[in-house]
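Asker: sharing a sequence plus its predicted fold:
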Amino acid sequence: MNKPFDRRSKPVSPAKQLTTTDLCDANEARLVSGQLRVLPPVFQNYGGAEAMRGQVVTLKCFEDNSLVRQALEGPGQGRVLVVDSGGSDRCAMVGGNLAQLAEKNGWAGVLVHGCVRDVTELIEAQVGVWAIATHPRKSTKAGQGHKDIPVDMAGVIVRPGEWCVADVDGVLISDTAL
């Protein structure tokens, strides 16, 4: 497993938004009911933005990032692309070029249940890029996968149209905007 990336040398942004910890504290009943879910602590941020929040667009694609590129080429409108790659640790689903594309097209970020690469370039892009690890190998490009379906993110089901909030303390999924 990869060693966590040290972000201490990075300047801290003055964002005044509520943190994931604040949101959990203020929404205990929604956590109990399942309307607000916390993803397991296997995801870390490799992107340049220290936090991300937005409405969810989902993809399910195993070791093939063709649909990821296709989605990020479209207008992001502040949304978060959630990619279920089955937790694969055999290749990267997002790299520097896709992070730049996400930033250019207005995506808040990408959450990958799989790996990423080009970490130095990911940090330069001002989008969140949460993933389980890094891997130097690129994915295949066969156009395989599914869009806008419920996906499994490390045991938590995420549906299109839900909301994602992520920061240094964790990743939350909510059925409504927080």
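Answerer: Noted; the coordinates are in hand. Residues are numbered from 1 along each chain as shown.
Asker: tell me which residue lies farthest from the centre of the protein.
Answerer: Here the chain reaches farthest from its C-alpha mean at residue 29, the gap being 25.0 Å by CA atoms, centre = their mean.
Asker: so it is in which element?
Answerer: When secondary structure is defined by DSSP states H and E, residue 29 falls within helix 28-33.
Asker: got the contact list for that helix?
Answerer: Helix 28-33 is contacted by residues 24, 36, 37, 38, 174 when judged by CB atoms under 8 Å, 6 or more residues apart in numbering. C-beta coordinates here come from the backbone N, C-alpha and C atoms, glycine included.
Asker: may I have the longest strand seen in the chain as CSV, with CA atoms only?
Answerer: Ordering each strand of the chain by length in residues (DSSP state E) puts strand 52-60 first. This file holds the C-alpha atoms of strand 52-60, laid out as CSV (Å, rounded to 0.1, in the frame of the first residue of the first chain):
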residue,chain,number,x,y,z
MET,A,52,-14.7,19.3,-2.5
ARG,A,53,-18.5,19.3,-2.5
GLY,A,54,-21.1,18.9,-5.2
GLN,A,55,-23.8,16.8,-6.6
VAL,A,56,-22.8,13.3,-7.7
VAL,A,57,-22.5,11.8,-11.2
THR,A,58,-21.6,8.1,-11.1
LEU,A,59,-19.6,5.8,-13.3
LYS,A,60,-18.9,2.1,-12.9
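Asker: list the neighbouring strands of that strand plus their orientation.
Answerer: Taking DSSP bridges as the criterion, strand 52-60 forms sheet pairs with strand 80-84 (parallel), strand 146-147 (antiparallel), strand 163-167 (antiparallel).
Asker: how about those strands in CSV, adding distance to residue 60?
Answerer: What follows is the strands paired with strand 52-60, written out as CSV (distance: least, CB to CB, whole Å):
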stretch, distance to residue 60
strand 80-84, 5
strand 146-147, 5
strand 163-167, 16
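Asker: can you name the residues that contact residue 161?
Answerer: 55, 56.
Asker: what does residue 106 give?
Answerer: The contact partners of residue 106, by CB under 8 Å, 6+ apart, come to 75, 76, 77, 78.
Asker: for residue 164, same thing?
Answerer: Residue 164 touches 52-56, 80, 82, 109, 111, 158, 171-174, counting by CB under 8 Å, 6+ apart.
Asker: which PyMOL command selects the buried ones in those residues?
Answerer: With 16 or more other CB atoms under 10 Å as the criterion, this PyMOL line picks the buried residues out of the contacts of residue 164:
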select buried, resi 52+53+54+56+80+82+109+111+158+171+172+173+174
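Asker: of the contacts of residue 164, closest to residue 146?
Answerer: Looking at these and their distance to residue 146, the nearest is residue 82, at 12.4 Å (CB to CB).
Asker: on the strand side of things, show who that closest one bridges to.
Answerer: Under DSSP bridges, the beta-bridge partners of residue 82 are residue 58, residue 111.
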